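Participant: Predicted coordinates and the sequence they were generated for:
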Amino acid sequence: MSTASVDRIRVLHVDDDRDFAETAAAFLEREDARIAVETATGASEGVDRLATGEFDCVVSDYEMPGDDGIEFLESVRADWPDLPFILFTGKGSEEVASDAISAGVTDYLQKETGTDQYAVLANRIANAVEHRWSRRKVERSERRLRSIVDSLPHLLFVVDAAGRYVLGNEALAEFHGLDVSEIEGLPVEAVLGDEPAEQFMTDLVEVVESGEPKRVPELEMRDADGDVHVFEPRLFPYDLAETDHEAVLGVALDVTDRRERERELDRVRDRMALALEQTQSVVFEVDLETDAVVRHGTYEGSFDVAPETAPTWQDHCERAVHPDDRAAFRRFHHELIEGDREDGVIEYRTSPETGSVRWIRAAVDRTDRPDADGHHAIGISRDVTEHKERERELERTNTLLSTLFDTLP
């Protein structure tokens, strides 16, 4: 659908209440300057708008004349399977939520009174769209790397410490008379033969234990036609991102008459399951005079801390924030209290003392509510652990690609 940059988020809001849709559009555009909203009054019109326009996210009501929100979602998924779709409905029930999840909804949010709901909705939209863009960036990177891996003439492979091929390129598979799908998962002795496999495993153990690359002097191998080739393999230590297990990345340069021009590299993550899950969030309000915090959402599920044991932001800092991130967390809140900042975003890790460590992104605005005394800050916390992991995966991919280009003649 869309190839827009992160500077703009185009939203189609489908709701049979035109006045509500226009009000929601105004508040969403006010909450996030990147958001531009167009409205439709029913599922049929919504499908037509999607067919003729470009949108980054769909927000839909549930109860509408004609097709309801679930039926509309099913129509959208048939033609736009990865388009973020948020069900924003006044009818909340476990049955509706279950049907929405089964139909592939990106997020589910129940309408409430007041304007705070639009801040939550704007945040959900932004996160869903950014998640989609990030996933597409990873997929494009993987396709490029897979293309590089399969286009190079050198034999390239990743073998884990147990001696099984995790990755093999087309040149390697063709040399041995196999398909890539056949060679990945095979033990090295099934591909190389017993004696060469024994020597290879000796070299593999040396590379894994030393953490240093190794150039194997020479290795003779027969191709699928029985012709002998002389290779100069180069082995590099490599961590499998999916399992954190150690492995070696190998490139075998053909130094016979059929000398290869390049070696290649990639870990193709076909196991990358970037499923659109129900995103967890915590909406909170901090009294900057008393430090008291009022929360709504999955606080205990996000931080493994009972809300009643962390009634203030300082309690939250001590109980839920990673020890290494507490100083930055306190500094951020003191800047809000002193008025040195009006808003901001902070990322920090959860405490390992209470549960598993996750990355949290909190967006906070300092505001003075007319119905309350003193100064307050309103914010939304989101679990962005998957986003951080994708960033790390991209960094690892770039490192691998740099190794490939820096090493090959």
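Facilitator: Here it is on my side, so go on. Nothing here was measured: the structure is a model prediction, and the numbers come from that model. Numbers count the residues shown, from 1 in each chain.

Participant: Let me know the distance separating the residue nearest to Ile360 when sequence neighbours are not counted from Asn123.
Facilitator: Nearest non-adjacent residue to Ile360, counting by C-beta to C-beta, 6 or more residues apart in numbering: Ser381, 5.4 Å away. Placement of C-beta: from N, CA and C, glycine included. According to C-beta to C-beta, to the nearest Å, Ser381 stands 10 Å off from Asn123.

Participant: Those two: who's more crowded?
Facilitator: Ser381 (26 against 21; other C-beta atoms under 10 Å).

Participant: What is the three-state secondary structure of the more buried one?
Facilitator: At Ser381, secondary structure determined by DSSP: H, G, I helix; E, B strand; the rest coil is strand.

Participant: is it true that it touches Ser302?
Facilitator: Yes - counting by C-beta atoms under 8 Å, Ser302 is a contact partner of Ser381 at 6.8 Å.

Participant: tell me, what's touching the two both at once?
Facilitator: Here Ser381 and Ser302 have Val282, Ile360 as joint contacts, going by C-beta atoms under 8 Å, 6 or more residues apart in numbering.

Participant: could you say what helices and strands the longest strand anywhere in the chain packs with?
Facilitator: For the chain, the strand with the greatest residue count under DSSP state E is strand 228-239. Packing contacts for strand 228-239, counted by 3 or more C-beta pairs under 8 Å, 6 or more residues apart in numbering; DSSP states H and E, involve helix 194-210, strand 214-215, strand 219-222, strand 246-254, helix 385-407.

Participant: Select, out of the ones you listed, the one closest to Thr312.
Facilitator: With C-beta to C-beta as the criterion, Thr312 lies closest to helix 385-407 of these, at 25.1 Å.

Participant: Tell me the gap between that closest one and the middle of its chain.
Facilitator: Relative to the chain's own centre, helix 385-407 is displaced by 14 Å; criterion: C-alpha atoms, centre = their mean, to the nearest Å.

Participant: could you check the angle strand 246-254 makes with that helix?
Facilitator: Helix 385-407 runs at 30 degrees relative to strand 246-254, counting by axes from the mean of the first three to the mean of the last three C-alpha atoms, to 10 degrees.

Participant: Only the buried residues of stretch 155-165, if you could.
Facilitator: The neighbour-count check on stretch 155-165 (16 or more other C-beta atoms under 10 Å) flags Leu155, Leu156, Phe157, Val158, Val159, Asp160, Gly163, Tyr165 as buried.

Participant: Between the two ends of it, how far is it?
Facilitator: 13 Å (C-alpha to C-alpha, to the nearest Å).

Participant: all strands for the stretch 51-200 of the chain, in order.
Facilitator: 57-60, 85-89, 107-110, 155-160, 165-168 (DSSP state E, counting those that start in this stretch).

Participant: Report the inter-axis angle for the fourth one versus strand 228-239.
Facilitator: With the same axes, to 10 degrees as the criterion, the two stretches strand 155-160 and strand 228-239 enclose an angle of 40 degrees.

Participant: What strands line up against strand 155-160, and which way round?
Facilitator: Here strand 155-160 is paired, per DSSP bridges, with strand 165-168 (antiparallel), strand 246-254 (antiparallel).

Participant: wait, Arg326 sits on Cys317?
Facilitator: Yes - when contacts are counted by C-beta under 8 Å, Arg326 is listed as touching Cys317 (5.4 Å).

Participant: and the residue lying closest to Asp68 once chain neighbours are set aside, how many residues sit next to it?
Facilitator: Closest residue to Asp68 apart from its sequence neighbours, by C-beta to C-beta, 6+ apart: Tyr62 at 5.8 Å. For Tyr62, the neighbour count with other C-beta under 10 Å is 23.

Participant: Note down every partner strand of the longest strand of the chain and its orientation.
Facilitator: Applying DSSP bridges, one finds strand 228-239 paired with strand 214-215 (antiparallel), strand 219-222 (antiparallel), strand 246-254 (antiparallel).

Participant: Of the ones you listed, flag the one that's most buried.
Facilitator: With neighbours taken as mean count of other C-beta atoms under 10 Å, those reach their highest mean count in strand 246-254, at a mean of 24.

Participant: neighbour count winner among Arg326 and Cys317?
Facilitator: Set Arg326 next to Cys317 and count neighbours by other C-beta under 10 Å: Cys317 wins out with 20 against 16.

Participant: From what I see, that one and Phe329 are in contact.
Facilitator: Yes - using C-beta under 8 Å, Cys317 makes contact with Phe329 at a distance of 5.1 Å.

Participant: check which helix or strand covers Leu336.
Facilitator: Assigned by DSSP states H and E, Leu336 belongs to helix 326-338.

Participant: Pull the residues that contact that helix.
Facilitator: 286, 288, 313-314, 317-318, 321, 340-341, 344, 346, 348, 364, 366, 375, 377.

Participant: And the helix or strand of the chain with the lowest mean pLDDT, what's buried?
Facilitator: When each helix and strand of the chain is scored by mean pLDDT, DSSP states H and E, helix 385-407 comes last, with a mean of 74. For helix 385-407, burial by neighbour count (16+ other C-beta under 10 Å) applies to Thr385, Glu386, His387, Arg390, Glu393, Thr397, Leu400, Leu401, Thr403, Leu404.
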